[in-house]
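K.L.:
I need the structure of the sequence given here:
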Amino acid sequence: MKNIIGLLAAIIISTASASAQGKDVVTDSFTVKGTCGQCKKRIENAAYVPGVKRAEWDITSKILTVTYRSSKTTLEKIEQHIADAGHDAGDIKAPAEKYEQLPSCCAYNDDHNHDH
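P.N.:
Residues are numbered from 1 along each chain as shown. Okay, the predicted model is just below:
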């Protein structure tokens, strides 16, 4: 009987703990400039700062959807990390020197069509 009570107590505690941990998980979306599959990989990789659980960038809509723990990171930190990789993210512009390091097919600030 003690084993059953102990097992039930452990289940209740782990369920409450899992429920509490899930409360700080947030999903947000914002625009990230890019043009191609190379951009998609770079943007998604840059979005994975500690605390990010999922990052998916849509090439057509230019929208990045991220799921992250708000206790571990912020949307601004994620955007800054992406901007530091060369892509304008949300309201944060990529530094010029980072943008200029992108491959020519990833140049999203010019009006030329690039082969991807």
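K.L.:
quick one: Cys106 and Ile92, what's the gap?
P.N.:
Distance of Cys106 to Ile92, computed by Cβ to Cβ, to the nearest Å: 17 Å. (Each C-beta comes from the backbone N, C-alpha and C, glycine too.)
K.L.:
low-scoring pLDDT stretches of this protein, where are they?
P.N.:
Scanning the chain for pLDDT under 70 picks out the ranges 1-22, 111-116.
K.L.:
wait, doesn't Thr35 sit right on Leu102?
P.N.:
No - Thr35 is not in contact with Leu102 according to Cβ atoms under 8 Å; the separation is 9.4 Å.
K.L.:
quick revisit: Cys106 and Ile92 - which one has more neighbours?
P.N.:
Neighbours per residue (other Cβ atoms under 10 Å) separate Cys106 from Ile92, with Cys106 holding more: 21 against 18.
K.L.:
gap between the residue nearest to the more buried one when sequence neighbours are not counted and Arg54?
P.N.:
Ranked by Cβ to Cβ, 6 or more residues apart in numbering and with sequence neighbours excluded, the top spatial neighbour of Cys106 is Cys39, at 5.0 Å. The gap separating Cys39 from Arg54 is 18 Å, by Cβ to Cβ.
K.L.:
residue boundaries of the strands in this structure?
P.N.:
Using DSSP state E, the strands of the chain run over 25-31, 52-58, 63-69.
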